[in-house]
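Undergrad: let's see this in three dimensions:
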Amino acid sequence: MLQWFRRRTQAARRAEELYGSVVTAARHPAFYRDMGAPDTPEGRFEMIALHLFLLLEGIRLQATAETELAQHTIEAFVTDMDDCMREMGVGDMAVAKKVKRAAAAFYERAAVYRTGLAARGTDLEDGLLKYVFAGAAGRKGAPAHDGAARLARYMRAAADLSSKEPFDKLVARGDLGRLLNSSGAEVSS
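TA: All right, here's what the predicted structure looks like:
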């Protein structure tokens, strides 16, 4: 019994570390400054959802059977959303509904991103325009379209990398920042 509890505590601690790496990656200034992701609470949510997807997809593709770790990481995301809602002044009665909507929004995006990565067409860019660049997705060639194309290149490269190595190690070494360079964003460390 004690061993089960210790294992569960270790998995929860590791999940919090992984979620911290998701937030660190999502806060990289190049997403907002160079790619045009909105630097708003909604835009930051979108970047966190995108990187959480990359982390979970990496776990899935590594076939490490770490479903408990993935579940704990999602729980860390839900806890963070709850904390953020409360910090923004959302009333106690509305927090649960908004957190539930945020979790549903994440799963909706994850399905679109997974399909987009598998399709290798413009599905991923279209999904990014719909979610990350919502409201800014004007005509072809507009800054939102350019940002979505660059973000899609970044996602494809990041998904490939995170399928081979743990996500938090990629963040700690700065590998994801280097991917931003190769995706067309001007990045200064």
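
Undergrad: where in the chain is pLDDT low?
TA: 1-8, 63-65, 135-142, 182-189 (pLDDT under 70).

Undergrad: spatially central residue for it, please.
TA: The centroid of the chain falls nearest to His51 when counting by CA atoms, centre = their mean (2.0 Å).

Undergrad: isn't that one right up against Gly20?
TA: No. His51 lies out of contact with Gly20 (CB atoms under 8 Å); the separation is 11.1 Å. The C-beta positions use only the backbone N, C-alpha and C, and glycine is treated the same way.

Undergrad: what's the distance between the closest residue to Val95 other than its chain neighbours and Met47?
TA: Using CB to CB, 6 or more residues apart in numbering and skipping residues adjacent in sequence, the residue nearest Val95 is Met85, 4.9 Å away. Met85 is 17 Å from Met47, where distance means CB to CB, to the nearest Å.

Undergrad: and for Leu180?
TA: Leu180 is 12 Å from Met47, by CB to CB.

Undergrad: give me the common contacts of the two.
TA: Counting by CB atoms under 8 Å, 6 or more residues apart in numbering, the common neighbours of Leu180 and Met47 are Phe31.

Undergrad: tell me which element the residue nearest to Val95 is part of?
TA: Element membership for Met85 (DSSP states H and E) is helix 67-87.

Undergrad: which of the residues in the following helix or strand past that helix are buried?
TA: Downstream of helix 67-87, the first helix or strand assigned by DSSP H and E is helix 92-119. Residues of helix 92-119 classed as buried under the neighbour-count rule (16 or more other CB atoms under 10 Å) are 95, 98-99, 102, 106, 109-110, 112-114, 116-117.

Undergrad: can you check stretch 14-22 too?
TA: Neighbour counts over stretch 14-22 (16+ other CB under 10 Å) mark 14-15, 18-19, 21-22 as buried.

Undergrad: can I get these in TSV including distance to His28 and secondary structure?
TA: TSV is the format used below for those (distance: CB to CB, whole Å; DSSP: H, G, I helix; E, B strand; the rest coil):
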residue	distance to His28	secondary structure
Arg14	23	helix
Ala15	21	helix
Leu18	17	helix
Tyr19	16	helix
Ser21	12	helix
Val22	12	helix
